[in-house]
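K.L.:
Quick one: sequence and predicted model below, then my questions.
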Amino acid sequence: MTAETQTNAETQKTLGSDRGERTELIGKVTSAKMEKTIVVEVVGLVQHAKYRRVIRITKKFYAHDEKREAKQGDTVTISSSRPLSKLKRWQLKAVLTRNASAQ
């Protein structure tokens, strides 16, 4: 092993995995009726290709909530994970704000 490859291997170990960071999204819980699964709606702004107008796009993600701590209307952070079921590819990371009317 040369000195250059050895230092590269050492920096890889100190920086963490070479896979990269997991994707995180912030959204609102639209449904928490399933067992250990929540539906999170994420709103994104996209510019229209032809008209250059900013459009609001919403997308639903199914996320795993092991402790069932998120309720409908909460704002949550979800992070990507391995496939857990047919639709679930995300996990609940944190509940940012609680819905006041749900309590």
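P.N.:
Good, I have the coordinates.
K.L.:
if I've got this straight, Arg68 is in a strand?
P.N.:
No: per DSSP: H, G, I helix; E, B strand; the rest coil, Arg68 lies outside any strand segment and is coil.
K.L.:
Mind pulling up the pLDDT for the closest residue to it other than its chain neighbours?
P.N.:
The shortest distance from Arg68 to any non-neighbouring residue, by Cβ to Cβ, 6 or more residues apart in numbering, is to Lys36 (6.4 Å). Where you see a C-beta, it was placed from the backbone N, CA and C, and this is true even at glycine. The confidence metric pLDDT takes the value 95 at Lys36.
K.L.:
Over to Asn99?
P.N.:
For Asn99, the pLDDT comes out at 86.
K.L.:
Next: Ser17.
P.N.:
53.
K.L.:
thinking again about what came up before, state the phi and psi torsions of the residue nearest to Arg68.
P.N.:
Phi and psi for Lys36, reported as degrees, to the nearest 10, are phi 60, psi 20.
K.L.:
how far away is it from Val54?
P.N.:
Lys36 sits 36 Å away from Val54, taking Cβ to Cβ, to the nearest Å as the criterion.
K.L.:
quick one: which of these two has more around it?
P.N.:
Lys36 (14 against 9; other Cβ atoms under 10 Å).
K.L.:
can you pull the contacts of the more buried one?
P.N.:
His64, Asp65, Glu66, Arg68 (Cβ atoms under 8 Å, 6 or more residues apart in numbering).
K.L.:
go on, Lys88?
P.N.:
With Cβ under 8 Å, 6+ apart, Lys88 has these contacts: Thr37, Tyr62, Ala63, His64.
K.L.:
TSV for those, including secondary structure?
P.N.:
Output for the contacts of Lys88, formatted as TSV (three-state DSSP):
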residue	secondary structure
Thr37	strand
Tyr62	strand
Ala63	strand
His64	strand
